[in-house]
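Chemist: give the three-dimensional model of this entry:
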Amino acid sequence: MFNNFEGSVKPRRQINLGGQRSQEDKKLLLKRTQEQRKAREAERLRNKSANKIQAFYRGRKVANDIRQIERVNWDQHARAFFNNLEETNAETAYELINLIRSFLFFYRPHLDNQRELCLCQILSQHRKGSQTLFLPFAREELRETWNFQLKQTLLIFLKSIGFSHDLDQTGINEYLIILRSAIDISKYEQITGIMEGSKTVKTIMEHLVSNGLYQGFRKQILTVPIDKSNSSSRNLIADLLMTPIKSEIRDIALPEFIKQIFTIPLLPMHITITNLPIEAILSNIINMATDQFQTEEICSLLGNSLIYALPKVDSFKKLTLLAYLKVLQNLSSIIPAHLLAEKYASNSNGMMIDEDEDEEDLDMLMVTSSSSKEIIIDQQVLQAIEKLFDQKHLSSIFSFATKADTDSLLKVANFLVTLMIKWPSRKDELLKAMIHGHALKWKGKSATNEIWQEFKSTELAQKVKSQLFSSSIVTDKAFAEQWGLLALLCELLSRILFVTGDDEFFQEEKNPLVMKDIIEMSIYLRNVSFNLYWNYTFLKMDSTLDGSCITLHYLRDAVTKTLRQIHARDSRRRFTPPDHWLMTSEFDMTAFIKAVVLEEQDLESDDTDNKLVKRGSISTSPRLEILSNIPFVIPFEERVKIFRKFIENDRERNYHNDFFLDRRTRATIRRTHVFEDGFTHLNTLGKELKRPVAISFIDEYGLPEAGIDGGGLFKEFLTALTRQAFDVNYGLFLNTQDNLLYPSPHAYARQEQQLNYYAFLGRILGKALYEGMLVDAAFAGFFLSKWLGKLSYLDDLPSLDPDLYQGLIFLKNYKGNVEELSLNFTVVDKEFDESRAIDLIPRGSETTVTEENRLAYIFRMANYRLNTQISWQCKAFFNGLKDLIDEKWLQMFNQQELQILIGGTSTPIDVDDLRENTVYAGYSENDIVIQNFWTVIKSFTEEQRQKLVKFVTSCSRPPLLGFKQLNPKFSIRNAGHELRLPTSSTCVNLLKLPAYPDLKTMREKLEYAISVEVGFGLS
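Modeler: Take a look at the predicted model:
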């Protein structure tokens, strides 16, 4: 056996018989040694693991064998126990203890389900007047053991109810009966006494609830189809569900009930639960962490809360109703908005368009980010959630609000704002109910007025009354609900302003707020909006106010929208004191201008990709944000300076080398075809039109006119072109009754060639703005609003069609039956003596205007006349305009200010300012001719002064920053001693004035020349 053993335990040395000694590298030796050590360690681990596996297998095999033996014995004992009903209760109790002990030892669900059912039947038996289940409790020495065994056994029954697919309805009922008996305190009274029985039942229920009582029933409820459920089992389950939450362990049971049962979709359709303690459930939901629920469960919680609470809302006490509203608010806030975008999002009769939104936003209902896992909510659940907007439900809440104290009103306000945020398509409906509904009236006062009075009394209102308040107020939890009240106030007032004409706005009986209140409110809104823009780099605008879904973005937008609406009214008809809108007292305006110009330069100076990233990011400068969104807090004159600085920067960035390269565009224009030649030569330039343009004129005889264009000829070309294009006889533009221009709404104006003309005119107007040239044209406000990317509504309609406006106002205030007026959702277009009816909504001719939808009709009619008819023309015009003028530059101004930017200010001619900025050629300031000239000009009427300015510059209005801005300067040149009429060269703002001998001659010649426009043009 040991033939090779030589008596030595040492390994034999390796002897090299080759005669040479090998040298092994040290690193290789260490590496080989480490590998050998690892191999030995791996072998030891394999052996150890094999031993463990073998031991485990042997143990399990032995245990399974023992269990199998135990099962055989248990079957015999159980059969005998089941059939032997003559034993004493004491013997039965001891035998039952042993039987259960054996069962708990060998029980495995997939092997012993029949034995489990047998055991349930044994426990249901009655022996000598007592149910077998309760016999061990009669023996004091067995109570503790039996209590433990019974809890374990009941838990097994419970799991079988929820997870076993082999049980029929009869088996389920047997388990349910045992479970119900085990927690029925009345069964213990005769055996253990009421005190001991109550204690036992409590421990059993605690164990069951903590170990999946409600989870098992949830599984059972969801597994069995509604149409196949057994009424008796449903009643038993309902009883078992309610018993723990009505007992001493309510605090333990209610959270589990809510999590497992109250999150079952449409719970009342699955099971009828009477006397559900909805008040206690609502209180518990508030205190539960919502992150433990899936989105589908949140929707079900919201739906079930509404279903069970809705019939009781009117009877809720104050604290319960507030808890109810808080639950609805919290749950609604968590659900992603896109899951709630229901069928009402496409409601054709609703007023879905916001007057403060731009045209691109109009095409987009909602943008949401989709998760990797698509969540689908049952439509029936969504229908249950829609009970939020049930008329009776809202009336109950409104009725409560009218009687609520300030703290309660804050909570109601935050709840209503949450509904508007999560269901934007229902916002109009909700606001309409608040404004016009009878339930929300405070002793005759409107909701808007009462909410305004409540807000004024809050601590927040006192804080934001100062121009620059601390930004910490925005994130302070103590003010969260008060911000919600302000948001609701803004939504209400914004909606009212949207449907109120200017004439109604100034009538106190039709305006819910008196003018003094509106002025005061605008101060709060101005301060809040400015500070949210000014400090937004320090604030997380996507964060929500504490306990709500109101983001700082939403708050800022709501406040800014309302503020801009009030400012728009004030711009059309002033009612605020001077400098009311300005926020310049808290910072240095010079530093502001310098900083904002540098920020814009930095934004535009990068490469294209980075520029797009910057424009789309939140890193835009607060100053630029203020100029884009609430520009009126900065004086108009300062914004004009900023505008000119932006243009200077743009010119320097793109064309700083043109002076040396002479890259001017040259165009030859026939005086008889100014518009056509201008379109041919300049329209295709696009952005390149920013470069200098040299114009050469061909006179009516086909001969080139003398002269080199240093800028003056282009100005004359611009004047002649705009005079022709904006002539209503040319067909591109029409006049309002106030002689304000707007694009022709006729069908031919939407033809491709006509749209190209509009784009060209947009570029020409852009060139005039870019070069600081004034154009003698006045545009309608609703057309200028398109330059700002805004839509126009009811307020602008009087300037276009005063008769239609009066008719719509009559309809809005009509007290009789609206249907008697026989109106439908169509509009009649008349074009060249032909009429055709156009539907304002799909199947509009079949939709009658009623009390409910008349505001939608008014809105759509105004929208069609002011926006839809000229939308193509305006888009083409603006596409041309933005080739030269960045749209964000224009957003620094409103419509009235844009008109001043285009055509100059409508203020009286300042003769002293004109004199200070006049240059002379062949004359000096002290010449008698010049002295007489200024004496005559000072004696002129305002109309005569305007005619003189137009005679020399081609525009009757002075530059918006005074005559110092006129380029070239206003000039007077000596035209000799002849007594001929004065002439002008409008291209260079030059008056050629003969040296008239006296004051009388000077007056006569000037008056005649400016009245008949003799000499208008080159000489």
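Chemist: show me the strands in this protein, by range?
Modeler: 126-127, 130-131, 665-670, 693-698, 733-735, 741-743, 826-831, 834-839, 918-921, 970-974, 983-985, 990-993 (DSSP state E).
Chemist: where are the low-confidence patches of the chain?
Modeler: By pLDDT under 70, the weakly predicted segments of the chain are 1-24, 162-167, 225-230, 341-374, 437-444, 605-620, 655-663, 706-712, 1013-1019.
Chemist: switch the cut-off to 50
Modeler: For the chain, the stretches with pLDDT under 50 are 1-2, 343-372, 608-609, 611-619, 657, 659-660, 1014-1019.
Chemist: sorry, back to before: CSV for the strands of the chain, including mean neighbour count?
Modeler: Placement of C-beta: from N, CA and C, glycine included. Converted to CSV, these look like this (neighbours: other CB atoms under 10 Å):
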stretch, mean neighbour count
strand 126-127, 14
strand 130-131, 16
strand 665-670, 16
strand 693-698, 20
strand 733-735, 18
strand 741-743, 23
strand 826-831, 14
strand 834-839, 11
strand 918-921, 14
strand 970-974, 18
strand 983-985, 24
strand 990-993, 22
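Chemist: which one of those lies nearest to residue 147?
Modeler: Of all the strands of the chain, it is strand 130-131 that lies closest to residue 147, at 16.0 Å by CB to CB.
Chemist: ok, that closest one: who's next to it in the sheet?
Modeler: Its sheet considered, strand 130-131 pairs with strand 126-127 (antiparallel) by DSSP bridges.
Chemist: who touches the strand it pairs with?
Modeler: The contact list for strand 126-127 (CB atoms under 8 Å, 6 or more residues apart in numbering) reads 85, 87, 89, 92, 132, 135.
Chemist: in TSV, list the strands of the chain along with distance to residue 459.
Modeler: Below are the strands of the chain laid out as TSV (distance: least, CB to CB, whole Å):
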stretch	distance to residue 459
strand 126-127	70
strand 130-131	65
strand 665-670	63
strand 693-698	61
strand 733-735	54
strand 741-743	48
strand 826-831	50
strand 834-839	52
strand 918-921	59
strand 970-974	57
strand 983-985	65
strand 990-993	64
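Chemist: looking at those strands, which is closest to residue 932?
Modeler: Across the strands of the chain, closest to residue 932 is strand 990-993 (CB to CB), at 10.1 Å.
Chemist: can you list contacts of the closest one?
Modeler: 923, 929, 933, 951-952, 968, 970-975, 982-985, 1015, 1019.
Chemist: before we move on, what about stretch 829-840?
Modeler: 746, 747, 825, 826, 827, 828, 845, 857, 860, 861, 864.
Chemist: may I ask which of the residues you listed has the most neighbours?
Modeler: Most neighbours among the contacts of stretch 829-840, by other CB atoms under 10 Å: residue 857, with 27 neighbours.
Chemist: that one contacts residue 825, doesn't it?
Modeler: Yes: in this structure, residue 857 is within contact of residue 825 by CB atoms under 8 Å, at 6.1 Å.
Chemist: shared neighbours of those two, which are they?
Modeler: The contact sets of residue 857 and residue 825 overlap at 840, 849 (CB under 8 Å, 6+ apart).
Chemist: what is the neighbour count of the closest residue to residue 280 other than its chain neighbours?
Modeler: Nearest residue to residue 280 in three dimensions, chain neighbours excluded: residue 254, at 6.2 Å (CB to CB, 6 or more residues apart in numbering). The number of residues packed near residue 254 is 21, by other CB under 10 Å.
Chemist: sorry, back to before: what subset of the contacts of strand 126-127 is buried?
Modeler: Among the contacts of strand 126-127, those classed as buried by 16 or more other CB atoms under 10 Å are 89, 92, 132, 135.
Chemist: among the residues you listed, which are located in helices?
Modeler: Mapping these onto helices (DSSP state H) picks out 89, 92.
Chemist: of the buried ones among the contacts of strand 126-127, which is the nearest to residue 698?
Modeler: Nearest to residue 698 among the buried ones among the contacts of strand 126-127 is residue 132, at 119.2 Å by CB to CB.
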